[in-house]
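Student: I need the structure of the sequence given here:
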Amino acid sequence: MDREQQKRLAAQRAAGYVEKGSVVGVGTGSTVAYFIDELGKMRDEIDCAVSSSERSSELLRERGIRVVDLNSVGTLPLYVDGADECDGHKRLIKGGGAALTREKIIAAASERFVCMIDPAKRVDVLGKFPLPVEVIPMARSHVAREIVKRGGQPVWRDGTVTDNGNWILDVHNLSIVDPVALEREYNQIVGVVCVGLFAARPADIVLIGDQLMA
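Tutor: Alright, predicted model coming up:
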């Protein structure tokens, strides 16, 4: 089974967690695009969606799904998204699509976080995929220097501007044995908006294709 088939199966399985009449939190990325297709098939059964990116919002509207601001709703029953890496404790690296801040906000506001991955993204130790860090533009060099002091190798994702108007540093050369501690440490660097570690609030359910990760 190829990776695209795995993504489709994961999206189909994730759609099974959607409650009728509910507001659904929707992430960003290629696997999420398949999930949005599934939501389109059941658009009359849900109320609306909260989206983590302008691109996902566009896809949702194309399928007849109303998109609302998170501030206009309460706690979400469900958030569905993908990941760039996932360890055995369901802790994630996210942000390859530069939507990490809005993704983390929606995850924090959701009762259940369902993450869809293909088998290649399951790892024992996070860090092979470069860790995205969203930064205020004027703080890019300062944040980069602070990350170097902590053993990382930050590379500016030149030409990328987030939906929030910020920049991304991708941090290489990491073996993240304590993701919660590193997330906390990076969050304390002045100028950092968000760290692409979803460790303090990991996924609740991880789907690899249509299979639950133990």
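Student: what does the pLDDT read for the most far-flung residue of the chain relative to its centre?
Tutor: In the chain, the greatest distance from the average C-alpha position (CA atoms, centre = their mean) is reached by residue 149, at 26.6 Å. The score at residue 149 is 97. That number is its pLDDT.
Student: next one: the one 3 residues further on
Tutor: In this prediction, residue 152 carries a pLDDT score of 97.
Student: please apply the same query to residue 213.
Tutor: The model's pLDDT for residue 213 equals 86.
Student: tally of neighbours for it?
Tutor: Residues within reach of residue 213, counting by other CB atoms under 10 Å, total 15. (Glycine included, C-beta is placed from N, CA and C.)
Student: how far away is it from residue 138?
Tutor: Computed as CB to CB, to the nearest Å, the residue 213 to residue 138 distance reads 40 Å.
Student: repeat that for residue 172.
Tutor: Taking CB to CB, one finds residue 172 at 23 Å from residue 138.
Student: same thing with residue 73?
Tutor: For residue 73 relative to residue 138 (CB to CB), the value is 33 Å.
Student: with residue 69 instead?
Tutor: Taking CB to CB as the measure, residue 69 and residue 138 are separated by 27 Å.
Student: again with residue 107
Tutor: Taking CB to CB as the measure, residue 107 falls 27 Å from residue 138.
Student: between these two, who's got more neighbours?
Tutor: Using other CB under 10 Å, the more surrounded residue of residue 107 and residue 138 is residue 107, with 24 against 9.
Student: my guess is that one meets residue 197, correct?
Tutor: No: using CB atoms under 8 Å, residue 107 is not in contact with residue 197, being 11.7 Å away.
Student: alpha carbons of stretch 143-159, as PDB, please.
Tutor: C-alpha atoms of stretch 143-159 as PDB (Å, rounded to 0.1, in the frame of the first residue of the first chain):
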ATOM      1  CA  VAL A 143      16.400  33.500  18.400                       C
ATOM      2  CA  ALA A 144      18.800  31.700  16.100                       C
ATOM      3  CA  ARG A 145      21.800  32.600  18.300                       C
ATOM      4  CA  GLU A 146      20.000  31.300  21.400                       C
ATOM      5  CA  ILE A 147      19.100  28.100  19.700                       C
ATOM      6  CA  VAL A 148      22.800  27.500  18.700                       C
ATOM      7  CA  LYS A 149      23.700  28.000  22.400                       C
ATOM      8  CA  ARG A 150      21.400  25.100  23.100                       C
ATOM      9  CA  GLY A 151      22.900  22.800  20.500                       C
ATOM     10  CA  GLY A 152      20.600  23.200  17.600                       C
ATOM     11  CA  GLN A 153      21.400  24.300  14.100                       C
ATOM     12  CA  PRO A 154      18.700  26.800  12.900                       C
ATOM     13  CA  VAL A 155      18.100  27.400   9.300                       C
ATOM     14  CA  TRP A 156      15.900  30.300   8.200                       C
ATOM     15  CA  ARG A 157      13.100  29.100   5.900                       C
ATOM     16  CA  ASP A 158      13.700  32.000   3.500                       C
ATOM     17  CA  GLY A 159      10.700  33.100   1.500                       C
END
